[in-house]
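**Student:** need a structure here:
(2 chains)
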Number of protein chains: 2
Amino acid sequence: MIPATHQPSAGGQVHARVEIDLGERSYPILIGSSLLDDPATWSGLPKAASALIVTNETVGPLYAARLQQALSQQYPQIHLVTLPDGEAYKTWDSLNLIFDALLSKGCDRKTVLFALGGGVVGDMTGFAAACYMRGVPFVQVPTTLLAQVDSSVGGKTAINHPLGKNMIGAFYQPVRVVCDLDTLQTLPERELSAGLAEVIKYGPIHDLAFLDWIEANLLALRARDPKALAHAVQRSCEIKADVVGQDEREAGLRAILNFGHTFGHAIEAGLGYGEWLHGEGVGCGMVMAARLSQRLGLLAEDKVERLVRLVEAAGLPVRGPQLKVGHGEGCADLSNAQRYLQLMRVDKKAEAGEIKFVLVEDAGRAVVRGAPDALVAEVIDACCA
Amino acid sequence: MIPATHQPSAGGQVHARVEIDLGERSYPILIGSSLLDDPATWSGLPKAASALIVTNETVGPLYAARLQQALSQQYPQIHLVTLPDGEAYKTWDSLNLIFDALLSKGCDRKTVLFALGGGVVGDMTGFAAACYMRGVPFVQVPTTLLAQVDSSVGGKTAINHPLGKNMIGAFYQPVRVVCDLDTLQTLPERELSAGLAEVIKYGPIHDLAFLDWIEANLLALRARDPKALAHAVQRSCEIKADVVGQDEREAGLRAILNFGHTFGHAIEAGLGYGEWLHGEGVGCGMVMAARLSQRLGLLAEDKVERLVRLVEAAGLPVRGPQLKVGHGEGCADLSNAQRYLQLMRVDKKAEAGEIKFVLVEDAGRAVVRGAPDALVAEVIDACCA
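**Tutor:** Numbering: from 1, shown residues only, chains lettered A, B, ... in the order given. So this is what the prediction gives:
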């Protein structure tokens, strides 16, 4: 007989636990290694006759069977649906694959959904959970850096509409977020950089000391040093938890988390979803928003240059693409800057046609405000290749 | 100069105001006459640069221009989208017509939606409002008896899926419900009867004195006597407000409002949406649920017969249709009762494959519980033509 201490164990190790404090909708983010395979990671989740794992064709072959195994003690039936991979598939048609699976398998109002993948899988699974039978529980299991530091936390779920990104969705909180850092080791280089954009974001808007830390540890992060990744994920989640805890439904403060996203969404939509990764749009968008902040007298030029260097060192684009010709409807006669402005006017922060930008100040704070079209156009012209 | 007292007035008259008490999501139901045309009806709604009226091709020509006129003092821009009429169109495709209109008109996160029509328009407009930019305000303006007494109140919104009714939706409360009783005068006879099914429903589950009143006033209701209609709408809304105020998201009590709906949804789905009206399914479904209650020893036979007579007198079917042949996929080898059971197993109240029925007791209370398949099949066989 094998002594108890020698029994094989899945051996999941939780490095940090961050709480999202939203009253009855509160939940923990578990950050650690070997979490996916450890049944202990999943204990205490809502009981149900069945669970559905939603993943994509890239992540599924790597991790779905392992998650299914780890969940098997908890749920008598575990179903799997595999979506096509990429932002271009963040559509109603893909969402309907989830509903079809739920209904054809006889899933009920207690069925728990698991989002195993990056931001697209998380956004779609969360929205499906929000809508199926008017709401079932779901768990985020983000496997990309971007999803671990940003999109899996805070309950924003959505699909895209041809006329705008994330236009159809819900605020709907998961019951748990599990960030297994080991999954970042299989992440393509380009996806790692995209995730770093959202890590960098937290510096200028909320925590200049964290910005210093990112600068000092950028090589370690790009080399996927486990300790560096653990700290980046933890600190990012802490900041996001703080902001979301104060403003769950983006009545005000939460909008600062969209630093870089107004320009970034325009790039994504203007090029066609999936051409640039979301994090690439955000990286370049932060550069454009920082330059706009400078023109408005909010940010010193050396701070802008420092951010540009950091974004570039993270492996992200710092010059915007030309959106002028042939990239969308009704834009044949528009200049590049006019096309950016047209796309930004359907941003969710816009009000009565006025675009609201998230701008940053020298002191490491963000403000949300409008800016004259002519000035924005100058910034776009200066930033585009 | 015309003296102030002689100035022409839209002259809306509020007969009753019922409050839905849900904390920060509370809202009033205004019940009265000439409300639609009176700008005073709409004062105090959220401010916005634009509003969108959603209606259908039947109701729109009757009332949309009048509502648009009454709202014109409040909203600089008022857009209109007209959906096809009927339960068969309660689909993603119709929902997308609303999103297309919102985005192509540049509607923002403050835009207010107005649902002008019956239950289908209300359910779809509410779900669109829940999802557009993750939530915009909406107002229910029900123009059918069914919508005034039931579906416009309480925040249940949804679309249908080919495999089940109302399977994709949200709990999302309107900011106001306006029941203009005058609109009931243009309602087709069949729709009036369908609405009476939901009025009758409130008796056996909650208020036997109201059931007595309905019996005594059924002819007046079918003759559209304004006073009788006003009372029926008010009392129905009061009961619904009471139940929803205790259990907004149907964790328990609220399920009793689905008396007749488990069988009714099976009829609707089994025949194809739109073949029977929702209220017709509910009317017949109440008869079946009452007979099941009797078989389980909960309800005396004379009470069952009384309900059957009342449903019949309201102009509603009391015998269920045959669903056996050619009305759906994978049902070629099923008996009629088996097909009902198959359809009811995807009901939202079902858990782990067990159908939960809303049953009624002699004392005028409802209980939610399972029943043996064989017994349910006997009831179906006895109730189907």
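**Student:** surely residue A:12 is in contact with residue A:38?
**Tutor:** Yes - because the distance of 3.0 Å satisfies C-beta atoms under 8 Å, residue A:12 is recorded as touching residue A:38. Where C-beta positions appear, they are placed from N, C-alpha and C, glycine not excepted.
**Student:** joint contacts of those two?
**Tutor:** Counting by C-beta atoms under 8 Å, 6 or more residues apart in numbering or on different chains, residue A:12 and residue A:38 have no contacts in common.
**Student:** which parts of the stretch 151-300 of chain A are strands?
**Tutor:** Here the stretch 151-300 of chain A has its strands, by DSSP state E, counting those that start in this stretch, at A:156-161, A:164-171, A:176-180.
**Student:** let me have those strands in JSON lines, extended by mean pLDDT and distance to residue B:245.
**Tutor:** Output for these, formatted as JSON lines (pLDDT from 0 to 100; distance: least, C-beta to C-beta, whole Å):
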{"stretch": "strand A:156-161", "mean pLDDT": "96", "distance to residue B:245": "28"}
{"stretch": "strand A:164-171", "mean pLDDT": "94", "distance to residue B:245": "23"}
{"stretch": "strand A:176-180", "mean pLDDT": "98", "distance to residue B:245": "31"}
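**Student:** any chance of those strands in TSV, with distance to chain B and mean neighbour count too?
**Tutor:** Output for these, formatted as TSV (distance: least, C-beta to the nearest C-beta, whole Å; neighbours: other C-beta atoms under 10 Å in any protein chain shown):
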stretch	distance to chain B	mean neighbour count
strand A:156-161	6	24
strand A:164-171	5	22
strand A:176-180	19	25
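**Student:** what's the closest of the ones you listed to residue B:377?
**Tutor:** Counting by C-beta to C-beta, residue B:377 lies closest to strand A:164-171 out of the strands of the stretch 151-300 of chain A; the figure is 39.0 Å.
**Student:** residues in contact with the closest one: which ones?
**Tutor:** Contacts with strand A:164-171, where a contact means C-beta under 8 Å, 6+ apart, come from A:92, A:123, A:126-127, A:130-131, A:155-161, A:248-249, A:265, A:268-269, A:273, A:346-348, B:99, B:103, B:130-135, B:170.
**Student:** related to what we said a few turns ago, what's the closest of the strands of the stretch 151-300 of chain A to residue B:21?
**Tutor:** Set against residue B:21 and scored by C-beta to C-beta, those come closest in strand A:164-171, at 22.6 Å.
**Student:** take that closest one, keep the C-alpha atoms, and write them as PDB.
**Tutor:** Output in PDB follows, covering the C-alpha atoms of strand A:164-171 (Å, rounded to 0.1, in the frame of the first residue of the first chain):
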ATOM      1  CA  GLY A 164     -19.400  47.800 -34.300                       C
ATOM      2  CA  LYS A 165     -17.400  45.700 -31.800                       C
ATOM      3  CA  ASN A 166     -19.000  44.200 -28.700                       C
ATOM      4  CA  MET A 167     -22.300  46.000 -29.500                       C
ATOM      5  CA  ILE A 168     -24.600  43.100 -28.400                       C
ATOM      6  CA  GLY A 169     -23.900  41.700 -24.900                       C
ATOM      7  CA  ALA A 170     -24.600  41.800 -21.200                       C
ATOM      8  CA  PHE A 171     -23.000  42.500 -17.900                       C
END
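**Student:** just list what whichever strand or helix holds residue A:342 packs against, helices and strands only.
**Tutor:** Element membership of residue A:342 [criterion: DSSP states H and E] is helix A:336-344. Packed against helix A:336-344, as judged by 3 or more C-beta pairs under 8 Å, 6 or more residues apart in numbering or on different chains; DSSP states H and E, are the following elements: helix A:261-271, helix A:373-383.
**Student:** need the winner for burial among those helices.
**Tutor:** Among the helices and strands packed on helix A:336-344, helix A:261-271 has the highest mean neighbour count (mean count of other C-beta atoms under 10 Å in any protein chain shown), at a mean of 25.
**Student:** contacts only, for the residue lying closest to residue A:43 once chain neighbours are set aside.
**Tutor:** Distance criterion C-beta to C-beta, 6 or more residues apart in numbering or on different chains; nearest residue to residue A:43, sequence neighbours excluded, is residue A:74 at 7.4 Å. Taking C-beta under 8 Å, 6+ apart, we find residue A:74 in contact with A:39, A:42-43, A:45, A:51.
**Student:** using PyMOL, define a selection of the buried residues within those.
**Tutor:** Entered in PyMOL, the line below selects the buried ones among those, by 16 or more other C-beta atoms under 10 Å in any protein chain shown:
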select buried, chain A and resi 42+45+51
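**Student:** tell me the pLDDT of residue A:355.
**Tutor:** You'll see residue A:355 listed with a pLDDT of 96.
**Student:** between the strands of the stretch 151-300 of chain A, which gets nearest to residue A:307?
**Tutor:** strand A:164-171 (23.1 Å).
**Student:** quick one: contacts for residue A:41?
**Tutor:** Residue A:41 is in contact with A:12, A:30, A:35, A:70, A:178, counting by C-beta under 8 Å, 6+ apart.
**Student:** from these, which two are the most distant?
**Tutor:** Maximum pairwise distance among the contacts of residue A:41 (C-beta to C-beta): 13.3 Å, between A:30 and A:70.
**Student:** and stretch A:232-247, how far from the chain's centre?
**Tutor:** Relative to the centre of its chain, stretch A:232-247 is centred 13 Å away, using C-alpha atoms, centre = their mean, to the nearest Å.
**Student:** an error on my part: the question was meant for stretch A:32-45.
**Tutor:** 22 Å.
**Student:** repeat that for stretch A:163-182.
**Tutor:** Mean-position distance between stretch A:163-182 and its chain equals 7 Å (C-alpha atoms, centre = their mean).
**Student:** cool, stretch A:243-256 as well?
**Tutor:** Relative to its parent chain, stretch A:243-256 has a centroid offset of 16 Å by C-alpha atoms, centre = their mean.
**Student:** likewise stretch A:371-381?
**Tutor:** 27 Å.
**Student:** also stretch A:226-238?
**Tutor:** 15 Å.
**Student:** go through that stretch and flag the buried ones.
**Tutor:** Neighbour counts over stretch A:226-238 (16+ other C-beta under 10 Å) mark A:228-238 as buried.
**Student:** and the contacts of it?
**Tutor:** Stretch A:226-238 is contacted by residues A:15-16, A:18, A:29, A:31-33, A:145, A:148-150, A:153, A:179, A:181, A:184, A:198-199, A:202, A:207, A:210, A:213-214, A:217, A:220-221 when judged by C-beta under 8 Å, 6+ apart.
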